[in-house]
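Asker: Just need the structure, nothing else, for what follows:
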Amino acid sequence: MRLSLDDSGQRFTVRGFTDCSVRINQDELTRSFLLTPEQLIQDVPLHTVAALQAGQLNLLYTDAPEVLIIGTGLRTLRAQAAVQAELLGAGIGIEFMDTGAACRTYTVLASELRRVSLLILFPQDNRITN
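Answerer: Model (predicted):
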């Protein structure tokens, strides 16, 4: 799906997505990443929701988000309660969504100049197939 929304001067924007990739600006990403309106961190070493562990979430605090959206693939999956509690305790709202919904929601919130982060989890063996 292609997205087209005014980027409101953001440095990085979601331009489209498929089941196995997300296009940020002109780059097609097929590995897990963390995106904020100001920063793109590629090749994040997290590939599943189960890999999110309480006490090891420092990366997710990048750019002090108000809201963290986690794209979990074709289906919405949730992390352990301890992970959610840690983020909520730090004042970060957390939403788990399928990847498409996560990309769309991030795009809307970022266009409203909200402090939002997007974590997209791709399986380690994710490949683009034609």
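
Asker: Which residues are in contact with residue 97?
Answerer: 69-72, 76, 105 (Cβ atoms under 8 Å, 6 or more residues apart in numbering). The way it works is simple: take the backbone N, C-alpha and C, and place the C-beta from them, glycine included.

Asker: swap that for residue 29, please
Answerer: Residues in contact with residue 29, defined by Cβ under 8 Å, 6+ apart, are 21-23, 42, 120, 122.

Asker: what do you get if the cut-off is 7 Å, keeping everything else the same?
Answerer: For residue 29, the contact set (Cβ atoms under 7 Å, 6 or more residues apart in numbering) comprises 21-22, 42.

Asker: Can you tell me how far it is from residue 11?
Answerer: When distance is defined by Cβ to Cβ, to the nearest Å, residue 29 is 15 Å away from residue 11.

Asker: again with residue 84
Answerer: Here the distance between residue 84 and residue 11 works out to 29 Å (Cβ to Cβ).

Asker: Show me which of these two is the more surrounded one.
Answerer: Taking other Cβ atoms under 10 Å, residue 84 and residue 11 do not tie; residue 84 has more neighbours (16 against 11).

Asker: Ramachandran angles for the more buried one?
Answerer: Dihedral angles phi and psi of residue 84 (degrees, to the nearest 10) take the values phi -60, psi -40.
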